[in-house]
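K.L.:
kindly return the folded structure for what I paste below:
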Amino acid sequence: MDQSNDALPARLLTVSEVAQALRVSNMTVYRLVSAGELPALRVGRSVRLRAADLESYLSGRLIKAG
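P.N.:
I've put the predicted structure just below:
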């Protein structure tokens, strides 16, 4: 079976990893996911977030100074 780089899955982050990156609690990340503000995947009983989705979420919240 020939796998190209396009077939590789996106980097998945745990809720804890996202919370640490944002410097918020795990519950805040779960609330963002529940509100539909931050896309997430359910893998079994766990929630995972794509790194690209986190980057998109953050870029959409940039503010301009001054």
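K.L.:
need the residues that contact the helix or strand encompassing A19.
P.N.:
Assigned by DSSP states H and E, A19 falls within helix 15-22. Contacts with helix 15-22, where a contact means C-beta atoms under 8 Å, 6 or more residues apart in numbering, come from L13, S25, N26, T28, V29, Y30, L38, V47, L49, L54. (Glycine included, C-beta is placed from N, CA and C.)
K.L.:
now those in CSV, please, with extra columns for distance to G66.
P.N.:
Supplementary listing: the contacts of helix 15-22 in CSV, determined by distance: C-beta to C-beta, whole Å:
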residue, distance to G66
L13, 33
S25, 31
N26, 34
T28, 28
V29, 30
Y30, 34
L38, 28
V47, 37
L49, 32
L54, 27
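K.L.:
what about burial for the residues you listed, which qualify?
P.N.:
L13, V29, Y30, L38, V47, L49, L54 (16 or more other C-beta atoms under 10 Å).
K.L.:
report the contact partners of the fifth one.
P.N.:
Under the criterion of C-beta under 8 Å, 6+ apart, the contact list for V47 reads T14, V15, Y30, V33, A40, L41.
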